[in-house]
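> Turn this into a structure:
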Amino acid sequence: MVGLFGLYGSAVVVAFGENIDVLDKSLHRKKSHSESSSGSVAATAPASSVLPPLQDRFGRTFDYVRIAVTEKCNLRCTYCMPEEGVDFPDQNAVLTAAEIQSTVETLAKMGVRKVRFTGGEPLVRKDIVDIVTSTANTPGVKAVHLTTNGLLFPKYAEDLLKAGLTGVNISLDSLDADKFETITRRPGLDKVLESIQCALDVGFKTVKVNVVLMRGFNEDELHDFCEMTKDQRVTVRFIEFMPFDAHQMWETGEHFASAANLVDQIEKFYPGIKTASGTRTEHHIFQAPGYEGKIAVIPAFTRSLCGNCSRIRVTSDGQIRNCLYSDDEFDLKALLRKDGCTEEDVVGVFRKAFDEKHLDGFEAKKKSTEKTVNVSDIGKGRTSMTQIGG
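Below you'll find the predicted structure:
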C-alpha cells in the first residue's frame, strides 16, 4: 500500500486532574517544515518542527483530537447503535495503526496536545496498546486518553498504563443491573464497576465514568452517581442525552434532561457546593464539601460550550469531522493512501475542514438539514453514534 507519506499504504464520566488548557505558546510560532523527499516516501519534519496552530475563522484553536479506532462494540447501547448492529466497514476501510500515528504526528506539530481514542469499543482492536504507545511517545503530545465501556478494561489496564495512557473514561449509565441491561442490551454491570476500581487501583492519573442522563429512565440515580465522588478520586460527569437519528428508542427527545436542570438538582443535593477546576468540556463542575472527587455536567445537546470548542474528530474509516452536529466530512484516509501524499497535503485537509467549521452546533445542524441530498445517497449516511466516534 502506498501513501501515508509513502511509508505505509458512554455516559457519566469520572475524571480527576485533567487540564491541559494552557498550551506552551511557543508551540504556536510559525516555522517552516521540511520539504518532502522525492519518490514514494516523503520526509517527515524533525520532531522540533512546529507548524501554525489549527484554527477556524472564528479564532478558535483546536488542540484536542478524538480518533475512533473501530466502529465495532461488544454492547448495543440504545442511544448509540441499533439492536441488530450496523454494517461495519471491512478491515481495509479502517485506518491502520501507521496511518493513525502519522496523523497524530502531523497534528502534534500543529499544536494538538491531547489525543483520545474512542470507538465503538477501542479495546476490541487488537493493536490498541501499540497505538497508545506510539501516540504517547509522539513529541508534543501531553495527554493520551481512552473511552471504554469497561468490559475488557481490566485485561489491558496495566499494559495501557505502561504504554503511556494518562486517563480513561468508563461509560456507565445505570447502577441498577436490570436498567444496565435494558440500555446496553447486554449484562455486565459488575464488570464495569470492577473496571472503575481497577483504573483507580492501577494508578491512572485521570479516571472518568461517563453517564448519559435520561429523564424517566436513570435520572433518579443522579444522587447515587454523585455519591461515587465521596471517597473516590474521580469526577463524575453527567452528559446531556443527545437524541440521534438512528431510529433508536430515545430519538423523540422525551428522555432529554437539560444541563440546567441537572445542575439545579446537584446544587439542591449539596448545599454550599463549590465550583471546581476541570476541562473545557466540563462546562459545569463542582466539588461537594469534604468529597474526594468532582461532579460535572456537560451540555452536549444544549451546546452552550461551542464557543470553547477545541475538538477535532476523526472517524474510524478516516473521515475528518469538524463538528458532532455537522454531516460535512473531509476524506483523510484517501489522502493518506494516495501515492505521493505529503505532510503538507495532510495539513491542508485539516485546515480546509476547520476553515469551513460553523459557529456552533445549531448552525452546523441547520446547514446539514438544508443540504440537497441525491437519491442515490439516501441510506449511506452515518446513522449511529458508533459510526461517528462519540
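
> could you say which helix or strand contains the most centrally placed residue in the chain?
What sits nearest the mean C-alpha location of the chain, by CA atoms, centre = their mean, is residue 66, with 4.3 Å. Residue 66 is part of strand 64-68 when elements are defined by DSSP states H and E.

> So for that strand, what gets flagged as buried?
By neighbour count with 16 or more other CB atoms under 10 Å, strand 64-68 contains the buried residues 64, 65, 66, 67, 68. Quick note: C-beta positions are derived from backbone N, CA and C, even for glycine.

> And stretch 268-279, by the same measure?
By 16+ other CB under 10 Å, the buried positions in stretch 268-279 come out as 270, 273, 278, 279.

> For the residues you listed, give me TSV that also has distance to residue 136, secondary structure and pLDDT.
Shown next, in TSV, are the buried residues of stretch 268-279 (distance: CB to CB, whole Å; DSSP: H, G, I helix; E, B strand; the rest coil; pLDDT from 0 to 100):
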residue	distance to residue 136	secondary structure	pLDDT
270	36	coil	96
273	35	coil	94
278	23	coil	86
279	19	coil	83
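
> Let me know the closest of those to residue 215.
Nearest to residue 215 among the buried residues of stretch 268-279, counting by CB to CB, is residue 270 at 20.9 Å.

> Confirm for me that that closest one is in contact with residue 288.
Yes. Contact criterion CB atoms under 8 Å: residue 270 and residue 288 qualify, at 4.3 Å.

> where do the contact lists of those two overlap?
residue 226 (CB atoms under 8 Å, 6 or more residues apart in numbering).

> so where does residue 222 fall, helix or strand?
With DSSP H and E as the criterion, residue 222 is inside helix 222-226.

> tell me which strands and helices the helix or strand just after that helix is in contact with?
Proceeding N to C from helix 222-226, the next assigned helix or strand is strand 235-240, under DSSP H and E. In this structure, strand 235-240 makes packing contacts with strand 13-14, strand 206-213, helix 222-226, helix 259-269, strand 294-298, judged by 3 or more CB pairs under 8 Å, 6 or more residues apart in numbering; DSSP states H and E.

> Name the stretch among the ones you listed that sits most buried.
Highest mean neighbour count of these: strand 13-14, a mean of 30 (counted as mean count of other CB atoms under 10 Å).

> Could I get the full set of helices for the stretch 251-390 of the chain?
Remark: helices assigned in the stretch 251-390 of the chain by DSSP state H, counting those that start in this stretch are 259-269, 332-336, 343-355, 361-370.

> that older thread, in JSON lines, list the helices and strands packed on strand 235-240 along with distance to residue 156.
Formatted as JSON lines, the helices and strands packed on strand 235-240 follow (distance: least, CB to CB, whole Å):
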{"stretch": "strand 13-14", "distance to residue 156": "18"}
{"stretch": "strand 206-213", "distance to residue 156": "15"}
{"stretch": "helix 222-226", "distance to residue 156": "25"}
{"stretch": "helix 259-269", "distance to residue 156": "32"}
{"stretch": "strand 294-298", "distance to residue 156": "26"}
